[in-house]
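# Here you go, sequence then predicted model.
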Amino acid sequence: PKPRAWFTASGLKYNDTYPPGQKHAWQLGSVCEGSASPGAFELGLSGSGPWRLEYRVDYWAWNNANSGNPGSVDRSTSHTSVAMQHSTLKTECCEPGLYRYTLTAVSDERYQQLQRLDPGYSASVADESLTVVEHRIMHSPQAELRAYMPDGRPMDVSARGTFLRKQPAIKHCLAPGQSRSDGDAQTWASIRDKLPVFRIEFEKDGSAPFHAWIEVFPASGPSEVIEIPDIKGYSQAVSLPDRIASQIGRYHMRLVKIRDSRGCERQLVDPSEVGLGRSSDKSGKAIAGGIEIEYIEAPSARPSSSSPAANPSRNVCLGDILAFDLQGLNSWNVEYIYNGARRSTSANKRLFRRIADEPGNFTLTRICHRSANDCCSDFEDLSYTVREIPRVRVSGGKNVYQDIIEGDMVDIRLDLVGTPPFTFTWQRRSLAADGAASANGGKVLESHTVKNFDGFSYTISTSSEGTFEVTFIQDRFCQYPKA
């Protein structure tokens, strides 16, 4: 008799769920993409061995909407030789999708020319006419890590696929005092709502619920693998321990492995590399794959304690140097408004200085890190009024020479400019031998200090000869000479 070949029913299950117009088929149990044991069909053979088989493989990709339809198939023909009457035919092992195997011809020792076989789907009970079977390799789940702002806006990095691409670090600015180390747990709870939100997002063709493992590398210390079970939807927020996610500095997170409800897994990181921490990368390069985020504390500025800027009244004097202590990453952009003009300058030292060279208003408005120019702090309480230095004119600012008759009095008028009340000191010095004002000022014959004077004109009545001058003046805000 001519040789025959067929698939036996061992390990097969009858699938009668195809839509109308498509033939039902016997199927081998589905396996996951990348399975080490994709499976094999058991063969039945008759004739005189050894046998040579010809078979056709029809393949529909896992995302082919016309799966099972002969009009949209990837088809190939293969040959194999078997020596035993009870042998197996190994299945394809790699790409996920539906595979249909059809035994098309067989030859044996007697009939060495291939003998064509009729395609046989068989009925619900498999027999020796079964020459068409199917096998499905299930698509492993796909997922990515994403970062979002608290208001839902996506940040600029997404890590997909094998997570082996070099990604730039996401930089997130924390206002001063927002790190976990700066406050108690209650304060941190309110701050946490302002931090970026990390999510695992699964492709919609996956089968929930999912299981995920994430490796987190904190700013310092060893990495930690966090297991997230029973993810019922296609998007899951990642809750990181406070000790990891709340410190100033750079840390890294990556998906290690994901699994779906069918038990299909996708291993995204070589298991031998998990848990080694940053020290395993001796080249100093960034950790491969995933998301790298750097929490940067926003810069701050405060008046230097030795500067007039520290004056609580926020009044400073013309010629004063306003000095501010800068905190944060070295190198800043400083913005300020001086008499309505907006100005910006860079600062490379931790002490920012600006001379108050004209009266008016000075406001330090903003400071930013130059290395992360969107990480800034705005100020509303660093506004200053720059005051004029008080001054005085004696006798209208002119040199007056007047002879005094014995017993008479003369008036010397002092005109004060500034904001009352004034405190000032006037002195009378001796004249030179010829009766003129001494070039060296002469000897101080008398000195008087007038305090808390609310007027703008003060008169000195005297009958004594000498040179009269004001050596010190102070108004409500400033003084001359400076202390």
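Now that the structure is in, tell me what you want to look at.
# Now do the end-to-end distance for stretch 464-480.
27 Å (C-alpha to C-alpha, to the nearest Å).
# What of stretch 378-388?
Across its full length, stretch 378-388 reaches 28 Å between end residues, using C-alpha to C-alpha.
# which residues are contacting it?
301, 303, 309, 314-318, 320, 322, 324, 356, 358-367, 417-419, 477-478 (C-beta atoms under 8 Å, 6 or more residues apart in numbering). Every residue, glycine included, has its C-beta placed from N, CA and C.
# Next secondary structure after the helix or strand bottoming out on mean pLDDT in the chain?
Sorted by mean pLDDT, DSSP states H and E, the helices and strands of the chain end with strand 154-159, the least confident at a mean of 58. On the C-terminal side of strand 154-159, the closest following helix or strand by DSSP states H and E is strand 170-174.
# Identify the residues contacting that next one?
The set of residues that contact strand 170-174 without belonging to it, under C-beta under 8 Å, 6+ apart, is 147, 155-157, 195-196, 248, 291-298, 372, 374-376.
# repeat that with 6 Å
Defining contact as C-beta atoms under 6 Å, 6 or more residues apart in numbering, one finds that strand 170-174 is touched by 147, 155, 157, 196, 293-298, 372, 375.
# cool, and stretch 140-150?
Contact partners of stretch 140-150, identified using C-beta under 6 Å, 6+ apart, comprise 32-33, 154-155, 158-160, 170, 194, 196-203, 206, 255, 258, 260, 264, 266, 291.
# So which of those belong to helices?
Cross-referencing the contacts of stretch 140-150 against helices under DSSP state H gives no overlap.
# could you flag which of those residues are buried?
Among the contacts of stretch 140-150, those classed as buried by 16 or more other C-beta atoms under 10 Å are 32-33, 155, 159, 170, 196-198, 200-202, 206, 255, 258, 260, 264, 266, 291.
# Name the nearest residue to H79, ignoring sequence neighbours.
By the measure of C-beta to C-beta, 6 or more residues apart in numbering, the closest residue to H79 outside its immediate chain neighbours is E54, 5.4 Å from it.
# Would you mind giving both backbone torsions of that neighbour?
E54 has phi and psi values of phi -110, psi 130 when expressed as degrees, to the nearest 10.
# can you check E273 too?
Dihedral angles for E273 - degrees, to the nearest 10 - are phi -100, psi -10.
# when you give positions from now on, start the count at 3
Sure, I'll start counting at 3 from here, so that last one is E275.
# how much space between it and R54?
Distance from E275 to R54, counting by C-beta to C-beta, to the nearest Å: 46 Å.
# go on, F212?
46 Å.
# So between the two, which is more surrounded?
Set side by side, F212 and R54 show more neighbours around F212, with 22 against 17, by other C-beta atoms under 10 Å.
# In contact with that one, which residues?
204, 233, 262.
# can you give me the helices in the stretch 253-402 of the chain?
Using DSSP state H, counting those that start in this stretch, no helices are found in the stretch 253-402 of the chain.
# Low-confidence bits of it, can you list those?
Within the stretch 253-402 of the chain, the stretches falling below the threshold (pLDDT under 70) are 278-291, 374-375, 398-402.
# ok, which stretches of it are strands?
In the stretch 253-402 of the chain, strands defined by DSSP state E, counting those that start in this stretch lie at 267-269, 293-299, 302-305, 317-319, 323-329, 334-340, 343-349, 353-357, 362-371, 378-380, 385-389, 393-396, listed in chain order.
# Among those strands, which comes closest to L433?
Within those, the stretch nearest L433 is strand 393-396; the backing value is 15.7 Å (C-beta to C-beta).
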